[in-house]
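Colleague: Here is the input, now give the coordinates:
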Amino acid sequence: MSVIETHPSIDDSYPTRKCGEAALLYRQDPVVYGSPEDGPIDAATLDGYDADGFLTIEELIGPDEVERFRAELRRLASDPAILADERTVTERGTDEVRSIFEVHRISEVFAELVRDERVVGRARQILGSDVYVHQSRVNYKPGFTGKDFYWHSDFETWHAEDGMPRMRAVSISIALTENFVHNGGLMIMPGSHRTFVTCVGETPEDHYRESLKSQEIGTPDPGSLSILADKHGIELFTGPAGSATMFDCNCMHGSNGNITPFPRSNVFVVFNSVENACEEPFSAQNPRPSFIGARDFTPVR
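Modeller: Numbers count the residues shown, from 1 in each chain. I've put the predicted structure just below:
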């Protein structure tokens, strides 16, 4: 397999998509950069995040706020201009909305949520710096037809295709519907964030067009997944609407499809440290469009 020469720097601490065999590499970056004094997360919770790679918040937003965001979800999904926008991704083979990207720029309602100190304050605390939005989206997983998101580490893609140099980003998933054990909830392998799984296969041109519907390149091999699952186990997240999960950029995670009558929707925001701004891609010819991997590194205020 040929090697894609894409990044001018010699220092690639997390090489991926560059050889014919997968490998498990030790993480070389801290997990928590801040301290308990820097924000609302207490010391015990920060320690748990450092060890497991995630934390949960039972009620980040209240019932009235949940209803407001649900109404905005409905509005976005029924707006012909939004549906025709390239930032809207539908399920493979259907017109069902899968995700709407850059939602904090499309919707002032969700922009307010991104700027909310309950959200961005926690991200600043974990990452120990000002942060910017690397990616935002709302995910729709309707009843009966919602498709799965296969196992993956977000950082592998952000590093390979967006040029994110180090593991200094955090995602927050805020539930807008109840998460049951049976409607396709988020699964994470706790502790997996300390192992980087390299992936096999060169990045095709405009890979994002297919990967947003169903990712194949940039997904870990079954052997690596089995090793991580045997070592760490799998945790499935349930909880009411308004609850939230924050997780490290290198956590191995995924979700099953939803064949139940109960929809599952969430708003998903990725905060990256301003000290970790993206460069040229490490394993792709060109960076993905900015609505998927931002090139505007303005701190959230």
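Colleague: Helix, strand, or coil at S265?
Modeller: What DSSP: H, G, I helix; E, B strand; the rest coil gives for S265 is strand.
Colleague: wait, doesn't it sit right on G143?
Modeller: No. At 10.7 Å, S265 does not count as touching G143 under the criterion of Cβ atoms under 8 Å. Just so you know, the C-beta spots here come from the backbone N, C-alpha and C atoms, and that holds for glycine as well.
Colleague: and the closest residue to R87 other than its chain neighbours, what is it in contact with?
Modeller: Among residues not flanking R87 along the chain, F101 sits closest, at 4.4 Å (Cβ to Cβ, 6 or more residues apart in numbering). By Cβ atoms under 8 Å, 6 or more residues apart in numbering, the contact set of F101 is 87-89, 135-137, 291-292.
Colleague: swap the cut-off to 10 Å and go again
Modeller: 85-89, 135-138, 212, 268, 289, 291-293 (Cβ atoms under 10 Å, 6 or more residues apart in numbering).
Colleague: Could you do F282 as well?
Modeller: Contact analysis of F282 by Cβ under 10 Å, 6+ apart lists 4, 6-7, 9, 12-18, 158-165, 203.
Colleague: buried subset of the residues you listed?
Modeller: Neighbour-count burial (16 or more other Cβ atoms under 10 Å) is assigned, among these, to 4, 6-7, 14-18, 158-165, 203.
Colleague: Tell me which of those residues fall in strands.
Modeller: Per DSSP state E, strands hold no members of these.
Colleague: where are the low-confidence patches of the stretch 151-300 of the chain?
Modeller: 206, 208-216 (pLDDT under 70).
Colleague: what ranges do the helices span in it?
Modeller: Along the stretch 151-300 of the chain, counting by DSSP state H, counting those that start in this stretch, helices occupy 154-157, 208-211, 222-232.
Colleague: Make JSON lines from those helices and add distance to V119 and mean neighbour count to it.
Modeller: Output for the helices of the stretch 151-300 of the chain, formatted as JSON lines (distance: least, Cβ to Cβ, whole Å; neighbours: other Cβ atoms under 10 Å):
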{"stretch": "helix 154-157", "distance to V119": "18", "mean neighbour count": "24"}
{"stretch": "helix 208-211", "distance to V119": "25", "mean neighbour count": "17"}
{"stretch": "helix 222-232", "distance to V119": "27", "mean neighbour count": "15"}
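Colleague: out of those helices, which comes closest to T245?
Modeller: With respect to T245, and counting by Cβ to Cβ, the nearest of the helices of the stretch 151-300 of the chain is helix 154-157 at 13.3 Å.
Colleague: Run the chain-centre distance for that closest one.
Modeller: 9 Å (Cα atoms, centre = their mean, to the nearest Å).
Colleague: top helix in this protein by residue count?
Modeller: Using DSSP state H to define each element, the chain has its longest helix at helix 63-78.
Colleague: packing partners for the helix or strand following that one?
Modeller: Using DSSP states H and E, the helix or strand that follows helix 63-78 in sequence is helix 80-84. Judged by 3 or more Cβ pairs under 10 Å, 6 or more residues apart in numbering; DSSP states H and E, helix 80-84 is in contact with helix 63-78, strand 88-90, strand 97-101, helix 103-106.
Colleague: now for the second one, which elements pack on it?
Modeller: For strand 88-90, the packing partners by 3+ Cβ pairs under 10 Å, 6+ apart come out as helix 80-84, strand 97-101, strand 131-141, helix 208-211.
Colleague: Make TSV out of these and add distance to A51.
Modeller: Listed next are the helices and strands packed on strand 88-90 as TSV, based on distance: least, Cβ to Cβ, whole Å:
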stretch	distance to A51
helix 80-84	40
strand 97-101	30
strand 131-141	22
helix 208-211	30
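Colleague: so of the ones you listed, which one's packed in deepest?
Modeller: By mean neighbour count, with neighbours taken as mean count of other Cβ atoms under 10 Å, strand 131-141 ranks first of the helices and strands packed on strand 88-90 at a mean of 24.
Colleague: That strand: partners in the sheet, and parallel or antiparallel?
Modeller: strand 97-101 (antiparallel), strand 264-273 (antiparallel) (DSSP bridges).
Colleague: Does D221 touch H152 like I think?
Modeller: No. The pair D221 / H152 is not scored as a contact, 11.7 Å apart, by Cβ atoms under 10 Å.
Colleague: neighbour count winner among the two?
Modeller: Neighbour totals were compared for D221 and H152, and H152 leads with 20 against 14 (other Cβ atoms under 10 Å).
Colleague: Please tell me how far the closest residue to the more buried one other than its chain neighbours sits from N258.
Modeller: Leaving out its chain neighbours, the residue that sits closest to H152 by Cβ to Cβ, 6+ apart is T219, at 5.4 Å. Per Cβ to Cβ, to the nearest Å, T219 is found 20 Å from N258.
Colleague: residues in contact with C278?
Modeller: 132, 134, 158-159, 161-165, 169, 272, 287-288, 290, 293-295, 297 are the contacts of C278 under Cβ under 10 Å, 6+ apart.
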